[in-house]
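> Sequence first, predicted model second:
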Amino acid sequence: MNATSVLTRRSPAPPVVGTSLVEARDLTRIWGKGAAAQIGVSSVDLDVRAGEMVAIIGPSGSGKSTLGALIAGIDKPTSGSLVVNGTRIDRLKTDRLAAWRGSNVGIVFQDFHLLPTLTAVENVELALDLGKGLGRRDRRRSALAALDQVGLAGHAKKLPAQMSGGEQQRVGIARATVTQASMIVADEPTGALDQANGHAVFELLAGLARSGTTVIFITHDLNLAGAADRVVSMIDGRVESVNDRQGATS
Amino acid sequence: MKSMLRQFRRAPGRIVASIFALALAVGAIGVLAIPAISSGTLREAAAGQGLADIVVDTTSLDGPQLARINQIDNVAVAEGQATVAVELSDGFLTQLIGLDFGAQTMDIVQLEDGRLPEAADEVVTSATLGELGDHVVADGTSYEIVGHGGTLWWSDSDVLYADLDSVTALTDEGGTNRLVITAADDSIAALRTIAADVRVVLQPAGDTYTTFPIYLPDGSTPIDQDINQVSTLIGLLGIVAGLVALVLLASTTNTLITERTREVAVMRALGGRSRPLRRRLRLISFGITSIALAIGLPLGVLISNYIARMVLEEFLGITPAFAIDWRVLAGSAIGALLGARLVAARAARRVTKLPLAEALRDRDGAPFGGRWTHRLASRVPFGGLFSRIAARESVHRPARTLAVVVQISAAVGAAFLIPSLANSVNEFNAATHAPWAWESLTVARDAGLPFAESVTDDAGGAETGIYIEGELEGWQIDLFGLSPDTEMFDPMLSSGRWITPASHQAVVSAGFAARNGLAVGDQLTIELASGEYEFQLVGLSNDFSRAAYVDRGVLAADLGSPGMANTVMSMQDHPDVALPVATRTSTAGDLAADDNAARAAIVTIFGAIGVIVAGVAALAVLSSMTVSLFERRHELAAMQALGARRRRLRGLLIRELLPLGALGLAGGLALGAIGTRGIIMSFEASNAVDIGVVDAVGSIPFIAAGTLATLIVLALVTVRSAARRPVAVTLRGAA
């Protein structure tokens, strides 16, 4: 399977239920002060509807990863407002924000960020432990099921160091999906993988979107971006354009 | 310098902590200079004042006898002095010392102000007894203070110095009663030969020594040994602090170097050779150590001079000149620099040997799962996920795990050693008093046996006895002459029997006997002030002392004063006995208070060093945890991204630390127990007495609670610091 086949098989997004899942208004993230200030994103307005698959693209330093981090709640804006799934997350304190992340968002990292001392199944269990607080048996059952869905049922007891990059990223996706969060944010999920593994991983994300999960992914790959319902193009920290699959631009 | 400043900006807290800890440790090691500083001052004072090589009290001697003593082979100068115990009008007990100010070569009074006495009613004394022109009344006689000053020999007490003739007039037979001698050859063997020859010279006139001779061979001074012993022990603890500080330096250096993994990798990728890169990385550690030395060495000089000054002023009343022991300075500087080089070399080698591809991605090149221990740990399904992470992390980095355990052990060891030492000294003090039944002990303040043993015959609950010093098996011992049917002393015999009347029999301290290979039935040669005498060892006493107990009448006869005694033991606080001489009465409570004061001094010194060791160890643990968190920052950030609150991260860290804390606690208690035994054994060996160790078991819960609380606080502090950065920023650093 290649990226094109994934894209062509992409089904339309589920019906929009009315309110946006993500509402960003005048979102700005600046590091440092004065002359040393670095602008991550500046005055970004963005809405993402529930069930949408949105790609954020742009050159290096355009602010796409920063925007993804803000939406995922792993960074906080300097100004502006950000409502995700009905919660004003820019106002949440550190620990409340962590708790919110645990139950509302699944994050897939370019570098996987699996815990090196935990096995594959334990890494997936960790998300359930932190996000859902499930009991040990339920946790294990759900984690094994999630690994099964990404085709790694036979690798459950392997440590990250004993798996390939593609396998690690699939564990990362299982970890992001096991909590059944309403939104997945994936930052360059295929960036560290070869083409075959990259396509397999993208196929998994696309499958999630087809099943109704909101997927926001950051990518350099225009082919992958073309499979999204909407493509947000960024440059110099600002949203340059937003294109939907029908080619409409806003 | 620029490079150092850049490093400082990267991690100011860690660098300052390392500098501070290392400087403190170097400062603590500086106490090894105390003997040299003290010795210089003491020897200077001894040379300036003419400290004698032999000091001994005698029966009354006249001029011709002194002239004959001066003729003895190897005697450079022999002089007579006079001492009389007096009581001042305010009840203060002191000595009136008669010196021949015009001709003396020994114990020359050093005047601070005023002049030397020129008349019989003039004295020189310390400023604490009065101003110049004031009068002091001693045993009813008024003396005018004409000068302030003193000598090294009597510098620990406020005595009155008067003209020799006026004091000899107060002695029993009008002669000198104290003999001081300097020798051409001042080796201990030569001094003993002189002392024996003097005895022979005194014998024809029926004169003798009334105290055991004090020898100061090879230019030594009376407190040399005490200063050496205390300084060595403090210095050893300082070295422990130094080792702990080096561990801290290792942790800090390791972090600072590890933080530059990617930077170094880029340099290597651009063609940089490993050796020059390693050299540059080692400069970080060199810089920290240099600054620590710049602070620590002067600190050590100040500490050593301060302690030397405190000790010499307290015990001898002399203020030492400021001095520096260059050997200690050079030794601690070289040790610290070498140690720093060693600890930095390991981290630098690791960073420059990482596979380039790994290093460029800022990974540490040691993934979990590469060793059988990792795989084994990953298959042990105990506890929850956080417990597993904690346990496996300890297996992942065994060197750091061991370092933290050692650091906690050092702190716990120091914390356990101090109360154990205090307990042991307490118990020892109690054990030395246990055999004695008296409530008060009255001792004649002048040498010799000045009153009849029968003075207490009509007094109920009181006994006379003899307390003098003697020598046995090369050791100075306490020699007690007691009535064989005494009710004041329970020998607490461990073997043998108690002495029988009118026989040359002795009971000896069991510990002392064991250390010198003495057994019941042995024939002992005890050297008394009057000469050598043979005694049969008939019993061993569990008295925790270095003493021998003999028949009072036999001892008095051997000392040349049959039927006489010098102590009264009483069941009352103040014996109801009229004694014809100056005495000093001490109650059991007084002696216990003295013991407590001595114990407090020891515990204070060791406690101060213990606090340094514990503090440095805590800093080292903090640093190790910071290093650990730094290396795992991406992992922890990923956990936060998954929803882990700070409390969970704290929980993780506490889970990691608790087993290490438990191991450190166990190791530290063992270390403390061993350390206490080492110190006590060194005291036992140097004093040939049983002291015994009583571990401060009662302190263990407090130490455990303190360790737990410290680890929790450290976990709170480090997690708070680690979680301050936005998760996205930390994770981006990994990409």
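That came through, no problem.

> give me the residue from chain A nearest chain B.
Closest contact between chain A and chain B, by Cβ to the nearest Cβ, is at residue A:102 (2.1 Å). Every residue, glycine included, has its C-beta placed from N, CA and C.

> what's the closest non-adjacent residue to that residue?
Nearest non-adjacent residue to residue A:102, counting by Cβ to Cβ, 6 or more residues apart in numbering or on different chains: residue B:643, 2.1 Å away.

> helix/strand/coil for that neighbour?
Under DSSP: H, G, I helix; E, B strand; the rest coil, residue B:643 falls in the coil class.

> That one: what's it in contact with?
Residues near residue B:643 by Cβ atoms under 8 Å, 6 or more residues apart in numbering or on different chains: A:98-103, A:127, A:130-131.

> Repeat the analysis, applying 7 Å as the threshold.
Residues near residue B:643 by Cβ atoms under 7 Å, 6 or more residues apart in numbering or on different chains: A:98-99, A:101-103, A:130-131.

> Skip the chain neighbours and tell me the closest residue to residue A:151.
Using Cβ to Cβ, 6+ apart, the closest residue to residue A:151 is residue A:170 (6.7 Å).

> Rank the helices and strands of the chain by mean pLDDT and give me the bottom one.
Here I'm looking at chain A. helix A:3-9 (a mean of 34; mean pLDDT, DSSP states H and E).

> so which residue of chain B comes closest to chain A?
For chain B, Cβ to the nearest Cβ, closest residue to chain A: residue B:643, 2.1 Å.

> Look up how far residue A:130 lies from that residue.
4 Å (Cβ to Cβ, to the nearest Å).

> Count the residues that sit near residue 126.
No chain specified, so I'll use chain A. 26 (other Cβ atoms under 10 Å in any protein chain shown).

> ah, I was thinking of chain B
Neighbours around residue B:126, by other Cβ under 10 Å: 19.

> The spatially closest residue to it that is not a sequence neighbour in helix, strand or coil?
Nearest non-adjacent residue to residue B:126, counting by Cβ to Cβ, 6+ apart: residue B:158, 4.6 Å away. The local conformation at residue B:158, judged by three-state DSSP, is coil.

> just checking, what's the longest helix in the chain?
Just so you know, I chose chain A. Taking DSSP state H as the criterion, chain A has its longest helix at helix A:195-210.

> other chain: chain B
Under DSSP H, chain B gives helix B:588-631 as its longest helix.

> Backbone torsions only: list them for residue B:320.
phi -70, psi 150 (degrees, to the nearest 10).

> Identify the residues contacting it.
By Cβ under 7 Å, 6+ apart, the neighbours of residue B:320 are B:37-38, B:41, B:308-309, B:312.

> so the residue most central in space within chain A bridges to which residues?
Taking Cα atoms, centre = their mean, the centroid of chain A lies closest to residue A:185, which sits 1.2 Å from it. For residue A:185, the beta-bridge partners are residue A:107, residue A:216 (DSSP bridges).

> was I right about it contacting residue A:73?
No - counting by Cβ atoms under 7 Å, residue A:185 does not reach residue A:73; the two are 8.8 Å apart.

> Identify the contacts common to these two.
residue A:105.

> got the residues of chain A near chain B?
A:65, A:69, A:74-76, A:94-95, A:98-99, A:101-103, A:107, A:109-111, A:113, A:115-119, A:122, A:125-127, A:129-131, A:159, A:161-162 (Cβ under 7 Å from any Cβ of the partner chain).

> Please identify every residue contacting each of residue B:643 and residue A:130.
residue A:102.

> what does stretch B:110-123 rub up against?
Here stretch B:110-123 makes contact (Cβ under 7 Å, 6+ apart) with B:49, B:101, B:109, B:124, B:132, B:136, B:142-151, B:160-163, B:166.

> I am finished for the moment; much appreciated.
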